[in-house]
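# Got a predicted model here, sequence first, then my questions.
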Amino acid sequence: MEELNLFIKSIFIDNMIFAYFLGMCSFLAVGLAVTFMLVVTVPINYMLNKYVLQEGALTWLDPSLAGVDLSFLGLILFIAVIASATQLVEMAVEKFSPSLYASLGIFLPLIAVNCAILGAALFMQQRDFSSAWTATVYGAGSGIGWLLAIVGIAAIREKIAYSDIPKPLRGVGIAFIITGLMGIAFMSFLGIRLG
């Protein structure tokens with residue numbers, strides 16, 4: 001039940017885009033790849049944090065390492081995991097789907113620097129989840145929430161393509177206004193009590 005609450009909360013209440021405004025650059029450009037990267041990297045970073053970085057985490061190697069605290073390396077190692085996973089995905093997409101690789105262009109490597117993915121890893125560390133499964137559920141929920149935001153903005157932009165928008169607001173200007181309004185709408189989910 002805890003995982004289901006976390007899943008729903010990470011989609012609607014703690015939405016990466018509408019609650020924290022993380023991942024805005026790719027919010028306007030890339031789709032499923034960020035969701036996939038959240039599902040893959042959050043549990044890997046959880047295990048890295050739990051079994052390597054936290055104080056006393058290295059006792060599985062040797063009990064004399066109980067006092068070692070490598071948490072200061074967290075940010076650097078989380079970024080390394082995200083960049084490595086992105087590189088592996090990029091190589092796999094290039095090998096197995098050259099047309100998709102060509103259509104994604106520069107946006108695929110930019111996923112490595114997406115702040116929503118790093119934000120999820122840092123939130124995972126801050127919230128101190130109880131297991132890798134809980135971290136995976138959080139990553140999946142965050143990814144689905146991010147995807148929901150992408151689909152929502154795409155649908156709205158499709159509708160306003162034929163609207164009479166003032167010239168200075170066309171393009172990114174109206175996208176930011178819509179994102180702000182959608183963020184306010186998602187804030188209404190804060191009043192929902194789960195479990």
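That came through fine. Remember, it's a predicted structure, so these values are computed and weren't measured experimentally.

# My guess is Thr136 contacts Pro43. True?
Yes. Counting by CB atoms under 8 Å, Thr136 touches Pro43, with 4.4 Å between them. All C-beta atoms are positioned from the backbone trio N, CA, C, and that covers glycine.

# what residues are up against Gly141?
By CB atoms under 8 Å, 6 or more residues apart in numbering, the contact set of Gly141 is Leu6, Phe7, Ile8, Lys9, Ser10, Ile11.

# which one of these is nearest Met47?
Closest approach between the contacts of Gly141 and Met47, by CB to CB: Leu6, at 17.6 Å.

# Quick one: residues contacting that closest one.
Leu6 makes contact with Thr134, Val137, Tyr138, Gly141, according to CB under 8 Å, 6+ apart.

# How far away from the center of its chain is the helix or strand that contains it?
In the assignment (DSSP states H and E), Leu6 maps to helix 2-8. How far helix 2-8 lies from its chain's middle: 16 Å, per CA atoms, centre = their mean, to the nearest Å.

# I'd like the mean pLDDT over it, please.
Mean pLDDT, helix 2-8: 86.

# and what of stretch 118-126?
Rounded mean pLDDT across stretch 118-126 is 87.

# List the buried residues in it.
Across stretch 118-126, burial judged by 16 or more other CB atoms under 10 Å covers Leu118, Gly119, Ala120, Ala121, Leu122, Phe123, Met124, Gln125.

# tell me which element the last one is part of?
Gln125 belongs to helix 115-127 when elements are defined using DSSP H and E.

# Tell me the first helix or strand C-terminal of that helix.
Remark: after helix 115-127, the chain's next helix or strand is helix 132-160, criterion DSSP H and E.

# Next, the angle from that next one to helix 115-127.
Counting by axes from the mean of the first three to the mean of the last three CA atoms, to 10 degrees, helix 132-160 lies at 150 degrees to helix 115-127.

# buried stuff in helix 132-160?
Buried residues in helix 132-160, counted by 16+ other CB under 10 Å: 134-150, 152-153, 156.
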